[in-house]
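> Everything below, folded, please.
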Amino acid sequence: MNSEIRPAAVAGSWYPRAATAIAAVVDDYLARVESRDPVGDVVALVAPHAGLMYSGPVAAHAYRLLRDRTFEVIVLVGPSHFVGFDGVAIWPRGGFETALGIATIHDGVADDLIRTCPLIRPNRAPHLREHSLEMQLPFTQHLAPAVPIVPLLVGYQTMETARELGQALATTLRARRALMVASTDLSHYHDAPTAQRLDRAIIERVGAFDVDGLQRALEDRPEHACGGGPTVAVMRAASALGATDARILHYADSGDVSGDKSAVVGYVSAALGRFDKRNDV
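Okay, here's the model as predicted:
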């Protein structure tokens, strides 16, 4: 096997193994979205990364925005759940494989990020088991199959790492038509009313485009968003790249699918960009 191609780690369990089944499920989730899409330029998305049956309906609210938009590269930024390390691990060459094909790496952007930021280092090992980026691929590969990706995993989620990664993303992507995706779930295994209260603290900061407020909230309770650091970094980069507005697109929890509201995981989708406020309801 080509060592530069990362094989799927959670296909057949977290999402379907067959291409036709992936496409059918994604299309079904997209068709169920009833909310009005923001009008304007999309710079970044926030999307969850649980099993597709649980978080897919929430992620669909974000990924619908890929329709009728073109991008040169999609930069995926997520947390490392299994391997601890300093800085940011990038898969610098090759691609990520699923049944939908190989999502190729934009090695030009990858090289520029490595040159720009010493914290970003080629490191394939944390990617091999990790699901936080792989769970974005059913949507990106189905809706934008020709667009290359750059996969970034954040290790220890320090304030300094989020700041430096945000600066590197802004510097590298400034002259490119890029979409950034911050991959995060919210609170884990509280009853639904408690989860909603805890998640609101994160959602309100994202919706207000309050990056510093989000960083402070995460310093107090980092467990309330497993991809909090990636989200802060992407929000900082989006702001530097001209995004002025944030929209919370959808919130739900795992109990909406399982029926068990006693111990849920929270999910949110959001968009960052320059949006026409006349389209707001």
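
> how about low-confidence regions in the stretch 151-281 of the chain?
Along the stretch 151-281 of the chain, segments meeting pLDDT under 70 span 278-281.

> And the helices in it, which stretches?
Here the stretch 151-281 of the chain has its helices, by DSSP state H, counting those that start in this stretch, at 159-173, 192-207, 211-220, 228-240, 255-258.

> what helices or strands is the shortest one leaning on?
Spelled out, it's helix 255-258. The helices and strands touching helix 255-258, judged by 3 or more Cβ pairs under 8 Å, 6 or more residues apart in numbering; DSSP states H and E, are helix 52-63. All C-beta atoms are positioned from the backbone trio N, CA, C, and that covers glycine.

> so after the helix it packs on, what's the next helix or strand?
Counting by DSSP states H and E, the next helix or strand C-terminal to helix 52-63 is strand 73-79.

> chain center to that next one: distance?
Put simply, strand 73-79 sits 6 Å off its chain's centre (Cα atoms, centre = their mean, to the nearest Å).

> got it, and stretch 177-197?
Using Cα atoms, centre = their mean, the offset of stretch 177-197 from its chain centre is 10 Å.

> Going by neighbour count, list what's buried in that stretch.
178-188, 190, 192, 195-196 (16 or more other Cβ atoms under 10 Å).

> Strands - which of the residues you listed land there?
Using DSSP state E, the members of the buried residues of stretch 177-197 that fall in strands are 178-183, 188, 190.

> Next, count neighbours for the spatially closest residue to residue 91 that is not a sequence neighbour.
Excluding its sequence neighbours, the residue lying closest to residue 91 (Cβ to Cβ, 6 or more residues apart in numbering) is residue 151, at 4.6 Å. Neighbour count of residue 151, defined by other Cβ atoms under 10 Å: 27.

> try the one 4 residues further on
Each residue near residue 155 was counted by other Cβ under 10 Å, and the total is 20.

> Contact partners for it?
Neighbouring residues of residue 155 by Cβ atoms under 8 Å, 6 or more residues apart in numbering: 80, 83-89, 126, 161.

> Skipping adjacent residues, who's closest to it in space?
Going by Cβ to Cβ, 6+ apart, residue 155 has residue 85 as its nearest residue, at 3.8 Å.

> what about that neighbour, distance to residue 117?
Residue 85 is 15 Å from residue 117, where distance means Cβ to Cβ, to the nearest Å.
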